[in-house]
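Undergrad: Here's a sequence, model it:
(one chain, ligands or ions: 1)
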Amino acid sequence: MNNQDLLSIAREHGSPVYVYDANVIVAQYERLVSAFAKAKNLRIHYAVKALSNISILKLFKQLGAGLDTVSLQEVELGLAAGVDPKKIIFTPNGVSLEEIEKVAEKGVQINIDNLSILEQFGSKHPRTPVCIRINPHVMAGGNANISVGHIDSKFGISIHQIPHILRIVENTGMTVNGVHMHTGSDILDIGVFLYATEILFETAAKFKDLEFIDFGSGFKVPYKEGDVSTDIEDLGEQLSERFNAFCKSYGRDITMAFEPGKFLVSEAGHFLAQVNVVKQTTSTVFAGVDSGFNHLIRPMLYGSYHGIKNISNPGGKNRFYSVVGYICETDTFANNRQISEITEGDILSFSNAGAYCFSMASNYNSRYRPAEVLWYDGAAHLIRERETMKDILKGQHQLNFEELVIS
Ligand SMILES: *Cc1c(COP(=O)(O)O)cnc(C)c1O
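TA: Reported below is the predicted structural model:
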């Protein structure tokens, strides 16, 4: 998929539009599988929340992946995509017992991340095996906004509460068939991650009925030149070997599971927006596009960096721009960025737009959410239509206030 392909997609489907390259998704999936090739039983659960279009889920199903889900609705999407419920894991945080029960009824593997629900669920459904989410209190992630492993984190059951877990398991007669951790996004240091896995192995050894250990995700991908990314091949080599040794001492081969989102889809995505206006102020040149944080919130929410290219004028002279959106409050995609000279009407392409971009889009300012296109087999396939006024009004009940008297 080259610039010309992207431009023709923008022409045909309009802007703004999300475009995903299936080849990149497949390549990342295969890269992950071969990195962990030494592990006997490997299962990759794609984290649906990163990009939840049903065609993307079907692509993962075809690749043999399972799904990692965080809501009943994501579970239902996965089932609608035809994914075997046994290959879906439900890893929510702070949801009700009722929601967990509904998911368990569908035959989906549930993962419990607090003692209260563990005790309630185990008392009511001792025959349904559960996985438990452990917080090893190791912060692998570099970004404090998205880190989930530290001591005050709301995620997981503290490693210091293992005796309590064991007591609940014994008292209820329930089965723990998996242990899980997800230390946070953005693993910069493999050593830190491996240290956390040692804590998980130590925990795992305390449970007799394990079928799998889920090591979560947080595999980092580069967003800009010079970015550190997780050395997945090195991690795969070291962790597979350690996992096999664990299986030996455990007395049985169990499954090694991961649940990456970003690693699998981030780099596959391009977000295309058209420049509405080039505005020169005394100090800055603004390029204002036909989109905003309603469609791509990561820069405003996390300060995330997304590469921006002017694909209408790729060979132009580089100039400095602040790229901004049309939302009526501060809405900045990038400050002081070198981009080849921009003319009104040009199409800008934002990179790393596969993960947490469309899935976080909203209708703020009553704008339509963009279309989504999948580049597959050398052609563009529309996988979600741009919204219309019907979507904006959907479900709204209109009161007419005919009797209202203004005194
Ligand atoms: C969001 C999430 C993931 C995926 O994280 P990435 O950084 O996108 O790989 C995995 N596991 C759980 C429990 C999550 O909440």
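
Undergrad: Provide the contact partners of whichever strand or helix holds residue 133 at residue level.
TA: Under the criterion of DSSP states H and E, residue 133 resides in strand 130-135. By CB atoms under 8 Å, 6 or more residues apart in numbering, the residues outside strand 130-135 that reach it are 89, 91, 109-113, 118, 121-122, 148-149, 153, 155-159, 162, 165, 174-182, 199-200, 203, 212, 214. For every residue, glycine as well, the C-beta is placed using N, CA and C.

Undergrad: can you tell me which of those are in helices?
TA: The members of these that map onto helices under DSSP state H are 118, 121, 122, 162, 165, 199, 200, 203.

Undergrad: okay if I get those as TSV plus pLDDT, distance to the ligand and neighbour count?
TA: Converted to TSV, the ones in helices among the contacts of strand 130-135 look like this (pLDDT from 0 to 100; distance: CB to the nearest ligand atom, whole Å; neighbours: other CB atoms under 10 Å):
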residue	pLDDT	distance to the ligand	neighbour count
118	97	16	22
121	98	18	21
122	98	21	21
162	95	20	16
165	96	18	22
199	92	17	17
200	94	14	22
203	96	17	19
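
Undergrad: among the residues you listed, which two are most distant?
TA: Pairwise distances across those (CB to CB) peak at 24.1 Å, for the pair 121 and 199.

Undergrad: wait, what's in contact with the closest residue to the ligand within the stretch 301-407 of the chain?
TA: Per CB to the nearest ligand atom, the residue of the stretch 301-407 of the chain with the smallest distance to the ligand is residue 355, at 5.7 Å. Going by CB under 8 Å, 6+ apart, residue 355 touches 50, 51, 261, 262, 264, 265, 266, 269.

Undergrad: Show me which residues of the stretch 251-400 of the chain sit near the ligand.
TA: Neighbours of the ligand within the stretch 251-400 of the chain, by CB under 6 Å from any ligand atom: 259, 260, 261, 262, 263, 355.

Undergrad: again, 8 Å this time
TA: Taking CB under 8 Å from any ligand atom, the part of the stretch 251-400 of the chain that reaches the ligand is made up of 259, 260, 261, 262, 263, 264, 266, 355, 356.

Undergrad: can you list the residues of the stretch 1-150 of the chain near the ligand?
TA: 47, 49, 50, 68, 70, 91, 93, 111, 133, 146, 148.

Undergrad: re earlier: can you flag which of the contacts of residue 355 belong to strands?
TA: In this view, the contacts of residue 355 that belong to strands under DSSP state E are residue 269.

Undergrad: What is the most widely separated pair among the contacts of residue 355?
TA: Of all pairs in the contacts of residue 355, the most separated under CB to CB is 261 and 269 at 11.8 Å.

Undergrad: burial of whatever residue of the stretch 251-400 of the chain ends up closest to the ligand, as a residue count?
TA: Nearest to the ligand, among the residues of the stretch 251-400 of the chain, is residue 261, at 2.8 Å (CB to the nearest ligand atom). A count of nearby residues for residue 261, using other CB atoms under 10 Å, gives 24.

Undergrad: Check residue 181 too.
TA: 28.

Undergrad: Just among the residues of the stretch 251-400 of the chain next to the ligand, which is most surrounded?
TA: residue 264 (32 neighbours).

Undergrad: What is the neighbour count of residue 41?
TA: Counted with other CB under 10 Å, residue 41 comes out at 13.

Undergrad: Actually, residue 351.
TA: 18.

Undergrad: what's the closest non-adjacent residue to it?
TA: residue 307 (3.9 Å; CB to CB, 6 or more residues apart in numbering).

Undergrad: could you measure that neighbour against residue 247, distance?
TA: 41 Å (CB to CB, to the nearest Å).

Undergrad: before we move on, the earlier item: how many neighbours does the residue nearest to residue 351 have?
TA: 17.

Undergrad: let's number from 32 now, not from 1
TA: Renumbered: residue one is now 32, and that last one reads residue 338.

Undergrad: Check what pLDDT residue 259 gets.
TA: Turning to residue 259, the model gives it a pLDDT of 79.

Undergrad: How many residues are close by it?
TA: 12.

Undergrad: does it really touch residue 250, like I thought?
TA: No - the criterion here is CB atoms under 8 Å, and residue 259 misses it with residue 250 at 11.9 Å.

Undergrad: Not counting sequence-adjacent ones, nearest residue to the closest residue to the ligand within the stretch 32-181 of the chain?
TA: The nearest approach of the stretch 32-181 of the chain to the ligand comes at residue 78, 3.5 Å away (CB to the nearest ligand atom). Taking CB to CB, 6+ apart, and ignoring the residues beside it in sequence, residue 78 has residue 292 as its nearest neighbour in space, at 3.2 Å.

Undergrad: right, and the one you found touches residue 75 too?
TA: No - if you go by CB under 8 Å, residue 292 and residue 75 don't touch, sitting 11.0 Å apart.
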